[in-house]
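Asks: here is my input; please provide its structure:
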Amino acid sequence: MSTAVGDSSDRISPVDDAYIVNLDALARDLDDIEAIAASALSNQPVDPAMTQSIADTPIGLTYSELTARHQQRREVDGWVEPEMADILDPIALAHLEKWRAAQRLTWEPSDLVVVGLSGLIGALGNLYNHHMDTAVLGGLSHLKNSDLLRRWEKETARLPIDYTGPKFGGPAHRVRSAGHDIGRFFTALNQIRTGTFTGIWWEDGQRMVAEVTATRSGLPFAQAPEPHIAIALLLKHWAADFVTPMNLPLPGWSFLCEMPIPALRKFANDAYAGTNSGDGLNLRSGILTPGLGMLASEVIIRTHLHLGAYRSTGSSRLPTPTAAKRTEMLLAAHATAGAISLSKTAAAAITGETAIAARHLNVPVLMRTGQLALKVRSDTAARAEAGAPSWQQLLADEAATWTLPEAVTIADLLADEHQQQPSEQANRRSLGDRRDGRVTEADAAHGVSGDLPGCHPLCAIDD
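Replies: Numbering: from 1, shown residues only. This is a model prediction of the structure:
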């Protein structure tokens, strides 16, 4: 059987083509040894060529020399290309796949180019976010004039969520109550079902709750007690408002307008209102428009990796290591866009936009960056924990395939070995004492003297 005693540091990859070739050769040598042993035990003739091949195996080879020898044997003997599934048993294959799944793939030059392109697209989208938002608003304005949305707007007239009375009116009225906050769906739905507007406002540090059942002109609000009708009306109303310049507030943003801190309430109102109609932070400018750049980055990176996987394996499905690399690439691209977003927001705040500077925040990218960072940290921790199994684990996995007679035989052999070791040590000590002329109590009880010539049959063996 081929062996390598030399330095293994010249091996570049733990599991590469050369490694598989060597493992295949070692497996063939082991099969030959087992065949020789089986022939000898069964009194059958042994193949001289097989015996000579094993006897002529050199020792003391380095890994490179061993690889060259095995490659030469492969060419001379006409071996077929080896496959891991033909060399390893199912347990070893499972360990190998687990190890492969835990390895981190290094980035290739093409990966750097793709990440750079994706990061550039995201950065440009943040630098020119106002122009992009204007273009998106122009596209939505065409929908606003459609017959469908005009009909929905009429069908949802006089809903309680549209109350614009004292403390709740003005251009930014949609952020001052829960009715237009998609993050407070059930609160808005309850207002439509009961036909009652509910809002919170503050006066002299006191929290006030307003409940209104009629419009400012005295007409009662429209009411839809049936849940399915109320849901349909709410969604139609939000769709009609979404295509307007003021759009809808960010999910949960209306909570800020109900906080007891005046500065926080003012910030939430000013950030949504903006300096002009529609240029504040809303669902369109904060989620839809910046989400386009993030979507472009996702599509570019994912397409690059899935095409690479398809070219390599014939399947677009990504293995675990490639999926981990995808997470790293997405994090790098989105982090670049997020950094530009934060930088522009800070610069705008310093130059006088104050609360309105929040409109430059790329909320989807920042949230996605945080999610990807946690995923990369999780993948790193998983790779750190993954390693070669312990000998105890290997023994347990191997023992799971043993039959009962095999397990009993191995257990008996281990038990005999432990029992023989103390008795052999006692014999050696007794023999040494008698050579020195000393007689132990056990020897005296058996009538053994301290004279060396006739002391014990073992003495004759030593002599």
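Asks: okay, buried residues for stretch 253-264 please.
Replies: 253, 254, 255, 256, 257, 258 (16 or more other C-beta atoms under 10 Å). (C-beta placed from N, C-alpha, C; glycine too.)
Asks: quick check: mean pLDDT of that stretch?
Replies: Stretch 253-264 shows a mean pLDDT of 93 in the predicted model.
Asks: list the contacts for residue 209?
Replies: Applying C-beta atoms under 8 Å, 6 or more residues apart in numbering to residue 209 gives the contacts 198, 199, 200.
Asks: what residue ranges in the stretch 351-463 of the chain score low on pLDDT?
Replies: Applying pLDDT under 70 to the stretch 351-463 of the chain picks out residues 386-391, 393-395, 397-399, 401-463.
Asks: next one: the stretch 101-250 of the chain
Replies: Using pLDDT under 70, the stretch 101-250 of the chain drops low at 101-102.
Asks: related to what we said a few turns ago, now the contacts of residue 209: which count as buried?
Replies: 198, 199, 200.
Asks: can you give me the helices for the stretch 201-350 of the chain?
Replies: Listed in chain order, the helices of the stretch 201-350 of the chain (DSSP state H, counting those that start in this stretch) span 227-242, 262-273, 283, 289-313, 320-348.
Asks: how about a markdown table for these, with distance to residue 140 added?
Replies: Converted to a markdown table, those look like this (distance: least, C-beta to C-beta, whole Å):
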| stretch | distance to residue 140 |
| --- | --- |
| helix 227-242 | 7 |
| helix 262-273 | 17 |
| helix 283 | 11 |
| helix 289-313 | 11 |
| helix 320-348 | 22 |
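Asks: so which of those comes closest to residue 169?
Replies: Nearest of the helices of the stretch 201-350 of the chain to residue 169, taken as C-beta to C-beta: helix 262-273 at 12.3 Å.
Asks: for that closest one, list the C-alpha coordinates in PDB.
Replies: Only the C-alpha atoms of helix 262-273 are listed here, as PDB (Å, rounded to 0.1, in the frame of the first residue of the first chain):
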ATOM      1  CA  PRO A 262     -42.700  67.300  21.200                       C
ATOM      2  CA  ALA A 263     -39.500  67.300  19.300                       C
ATOM      3  CA  LEU A 264     -40.100  63.700  18.100                       C
ATOM      4  CA  ARG A 265     -43.600  64.600  17.000                       C
ATOM      5  CA  LYS A 266     -42.300  67.600  15.100                       C
ATOM      6  CA  PHE A 267     -39.600  65.600  13.400                       C
ATOM      7  CA  ALA A 268     -42.100  62.900  12.200                       C
ATOM      8  CA  ASN A 269     -44.500  65.600  10.900                       C
ATOM      9  CA  ASP A 270     -41.800  67.700   9.100                       C
ATOM     10  CA  ALA A 271     -40.000  64.600   7.600                       C
ATOM     11  CA  TYR A 272     -43.200  63.400   6.100                       C
ATOM     12  CA  ALA A 273     -44.500  66.900   5.000                       C
END
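Asks: now what about the helix or strand following it, what contacts it?
Replies: As assigned by DSSP states H and E, the chain's next helix or strand after helix 262-273 is helix 283. Applying C-beta under 8 Å, 6+ apart, the contact partners of helix 283 are 182, 242, 247, 248, 249, 250, 251.
Asks: go on, stretch 40-52?
Replies: By C-beta under 8 Å, 6+ apart, stretch 40-52 touches 32, 35, 36, 38, 39.
Asks: just the buried residues of the residues you listed.
Replies: residue 32.
Asks: closest to residue 310 out of the contacts of stretch 40-52?
Replies: Out of the contacts of stretch 40-52, the member with the shortest distance to residue 310 (by C-beta to C-beta) is residue 32, at 41.0 Å.
Asks: and for the residue lying closest to residue 58 once chain neighbours are set aside, the neighbour number?
Replies: For residue 58, ignoring the flanking residues on the chain, the nearest one in space by C-beta to C-beta, 6 or more residues apart in numbering is residue 69 at 7.4 Å. For residue 69, the neighbour count with other C-beta atoms under 10 Å is 17.
Asks: now the helix or strand containing residue 69: buried residues?
Replies: For residue 69, the host element (DSSP H and E) is helix 63-77. Of all the residues in helix 63-77, those buried under the rule 16+ other C-beta under 10 Å are 63, 66, 67, 69, 70, 71, 73, 74.
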